[in-house]
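Chemist: Sharing a sequence plus its predicted fold:
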Amino acid sequence: MIIKASRILKGWGSPTKFFMPDQMELREDSVKVLQREWLGLKREEEVISIERIASTRIQFGLIKATVILETFGGMKDDIRIAGVAKGQARAFREAINEAASRIKMTPEQMAQAEQQSN
């Protein structure tokens, strides 16, 4: 699952954010955050293990939302992507919570969950 910042709201003052908006990608066991500046010449890419995410917060605005990932130690700042559609932000938070609960399951619990889904 990938969420992207709004091109219109975030790209208003920066051509880079208009053509290459910030994004978060939920992978099987991690979250990849990609932020670009200077027309893509400067790129910051970060991969965070789901196990290191302490909480996922959403700040709702009038039109869009901001997704904020807080991690367990080691990070100087929270990771945030602003200008995300509210529905996408909620779905992303739920997907992260679901992935975190799967990672914390024991093998017996995983087998039991698979049997219940089939």
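Modeler: Perfect, I can see it now. Residues are numbered from 1 along each chain as shown.
Chemist: quick one, what contacts the residue nearest the centre of the chain?
Modeler: The chain has residue 24 as the residue nearest its centroid, 4.2 Å off, counting by Cα atoms, centre = their mean. Each residue near residue 24 by Cβ atoms under 8 Å, 6 or more residues apart in numbering is listed here: 2-3, 31-34, 67, 69, 79, 81, 92. Backbone N, C-alpha and C define where each C-beta goes, glycine included.
Chemist: pLDDT averaged over the helix or strand residue 81 falls within - what is it?
Modeler: Element membership for residue 81, per DSSP states H and E: strand 79-84. For strand 79-84, mean pLDDT rounds to 86.
Chemist: For that strand, which strands pair with it and how are they oriented?
Modeler: Here strand 79-84 is paired, per DSSP bridges, with strand 65-71 (antiparallel).
Chemist: returning to what we had before: helix or strand next in line after the strand holding residue 81, which one?
Modeler: By DSSP H and E, the next helix or strand past strand 79-84 is helix 86-103.
Chemist: how far out from the middle of the chain is that following helix?
Modeler: Its chain's C-alpha centre and that of helix 86-103 lie 9 Å apart, by Cα atoms, centre = their mean, to the nearest Å.
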